[in-house]
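S.K.: Below: sequence and its predicted model.
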Amino acid sequence: MEAEPLVEMKSIRKNFGAVQALKGVDLILDHNEVLGLIGDNAAGKSTLMKVLSGAYVADEGEIFLEGEKAHITKPEDSRNLGIEMVYQDFALAGNIDVAGNVFLGRERTLGGLGRLLRVLDRRGMAEESRRLLGRLKIEVESVRQRVDTLSGGQRQAVAIGRATAFNAKVVIMDEPTASLSVSAIQKVLELIRQLKEHQVSVIVISHRLEDILSVSNRVMVLRLGRRVGDMENKGLTKDDLVAYMVGARDDFPES
């Protein structure tokens, strides 16, 4: 019996006033897969992922996780299902350390006389952060280091590490290599490959088509709010992807 997809989005529609951002989009994400999501500006990529991550609520359509219907109306719902989104601006608190950012909003506390007297378990959070970052081969000088002292590539890595810290099944990355140096880009791409090895499926939105070709198993193309292609990443080139994105070609290979 064929396994259920990890994520299945069916006929997703989203309007913003008179603007139809998503016009009945389907998406499938399999287990241990990196899916590249591409399209020109206003294609609907980020909108679709914000529906999956709970930032937006679809006007129509259904979402299934491992065959079970999922009710996602807020980010907490998606996080509870193991779906995390890493935004382009990282959404990190620069004035606190790496460990504090990994556990931001999910801080561990030590026992005390009632909730008001509990104190943060800084040692436990630091130890767990070291373990997590080490598992993913993320290099920082210290988990006690303030995030605003890190490079752009290190900040992206910490944001990805935080997304996987709580048994994530799916990590969505919106332009993860934008504004990074060449060496930092390569480290982030390697980190995406590492996530797959750790049984985490990834959806990558990127205008850097060379990055999509480098890490994805499959590529899905959106154009003006519709899915216009879904294909395995076998023998594809940047020119192929550009042609599919702008509508110059529609001879999509079977996925």
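M.R.: Thanks, I have the structure now.
S.K.: C-alpha only now, for contacts and for neighbours.
M.R.: Fine.
S.K.: Please tell me how far residue 128 sits from residue 83.
M.R.: 20 Å (C-alpha to C-alpha, to the nearest Å).
S.K.: Between these two, point out the one with more neighbours.
M.R.: residue 83 (27 against 17; other C-alpha atoms under 10 Å).
S.K.: Residue 180 and residue 154, how far apart?
M.R.: Distance from residue 180 to residue 154, by C-alpha to C-alpha: 10 Å.
S.K.: Residue 68 too?
M.R.: Distance from residue 68 to residue 154, by C-alpha to C-alpha: 36 Å.
S.K.: hey, where'd the strands end up in the stretch 1-150 of the chain?
M.R.: Secondary structure of the stretch 1-150 of the chain (DSSP state E, counting those that start in this stretch): strands located at 7-16, 19-29, 34-38, 60-65, 68-70, 83-86, 109-110, 119-120.
S.K.: And the stretch 151-255 of the chain, by the same measure?
M.R.: Using DSSP E, counting those that start in this stretch, strands in the stretch 151-255 of the chain cover 170-174, 201-205, 218-223, 226-232.
S.K.: Show the average pLDDT along the last one.
M.R.: Spelled out, it's strand 226-232. Across strand 226-232, pLDDT averages out at 94.
S.K.: just the third one next, same as before
M.R.: Across strand 218-223, the average pLDDT comes to 96.
S.K.: what about it, distance to the chain center?
M.R.: Here strand 218-223 is found 16 Å from its chain centre; the criterion is C-alpha atoms, centre = their mean, to the nearest Å.
S.K.: Which one of residue 180 and residue 154 is surrounded by more residues?
M.R.: Counted by other C-alpha under 10 Å, residue 180 and residue 154 do not tie: residue 154 has more neighbours, with 19 against 16.
S.K.: From residue 161, how far out is the more buried one?
M.R.: 10 Å.
S.K.: what do these two both touch?
M.R.: Residues touching both residue 154 and residue 161 by C-alpha atoms under 8 Å, 6 or more residues apart in numbering: residue 138.
S.K.: Any stretches of the stretch 151-255 of the chain with poor pLDDT?
M.R.: Low-confidence segments of the stretch 151-255 of the chain (pLDDT under 70): 252-255.
S.K.: how about the helices in it?
M.R.: 152-163, 182-197, 209-215, 238-246 (DSSP state H, counting those that start in this stretch).
S.K.: hang on, the earlier thing: determine which of the strands of the stretch 151-255 of the chain approaches residue 94 most closely.
M.R.: strand 170-174 (19.7 Å; C-alpha to C-alpha).
S.K.: Now do the same contact list for the residue lying closest to residue 230 once chain neighbours are set aside.
M.R.: Leaving out its chain neighbours, the residue that sits closest to residue 230 by C-alpha to C-alpha, 6 or more residues apart in numbering is residue 220, at 4.3 Å. Residues near residue 220 by C-alpha under 8 Å, 6+ apart: 35, 36, 37, 38, 227, 228, 229, 230, 231.
S.K.: I appreciate the help and will end here.
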